[in-house]
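Undergrad: Below: sequence and its predicted model.
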Amino acid sequence: MGKAQKYVLLGDATYPLQDWILKPYQEDKNLTQRQLQFNYRLKRAHSVIENAFLRLKARWQILLKSDDCSLELLPTLVLTCCILHNVCEAHDNPFNEEWLEGTEPTELSKPCQPAPATMEDNRAEQVRELMCQYFESCGEG
């Protein structure tokens with residue numbers, strides 16, 4: 001869209017809109033087609049991320065155990081599993097769908113109530129609008 005953007009995290013409606021947290025538009029009957037498309041694309045991206053983490057946990061089941069390593073070691077452990085996963089993928093070591101049998105999606109803790117509007121960043125709406133325009137220019141999918 002002609003304007004450089006930094007990376008953003010995907011959040012759901014309970015998170016405050018920030019220029020680094022993209023969240024969907026609040027669902028109501030007044031959403032435009034463009035806003036509905038944005039919400040749909042965000043939901044699809046979120047499901048891709050959930051599936052990626054599910055596959056990572058299935059291949060490297062040490063990630064399913066919360067008490068196997070110290071908290072200080074955890075980031076290194078996760079990064080190592082990601083690197084090893086990519087090495088396996090690059091060398092055609094296929095993912096075994098049977099590994100998923102012992103793995104279930106887990107709900108991560110998140111706020112129960114939507115964030116107050118005072119926590120929202122006005123600049124973030126510009127970022128969301130740019131992303132909305134970008135999705136619109138990409139067409140369906």
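TA: Nice, thanks for sending it over. Numbers count the residues shown, from 1 in each chain.

Undergrad: for the spatially closest residue to Y7 that is not a sequence neighbour, what are its contacts?
TA: Residue nearest to Y7 in three dimensions, not counting chain neighbours: W20, with 7.5 Å by C-beta to C-beta, 6 or more residues apart in numbering. From N, CA and C alone the C-beta is placed, and that goes for glycine too. When contacts are counted by C-beta atoms under 8 Å, 6 or more residues apart in numbering, W20 touches K6, Y7, V8, L9.

Undergrad: Which two of the residues you listed have the greatest separation?
TA: Using C-beta to C-beta, those reach their maximum pairwise distance at K6 and L9, which is 10.9 Å.

Undergrad: neighbour-wise, which of the two wins?
TA: L9 (11 against 7; other C-beta atoms under 10 Å).

Undergrad: What residues are recorded as beta-bridge partners of the residue lying closest to that one once chain neighbours are set aside?
TA: Closest residue to L9 apart from its sequence neighbours, by C-beta to C-beta, 6+ apart: I21 at 5.2 Å. Here I21 sits in beta bridges with L9, Q18, going by DSSP bridges.
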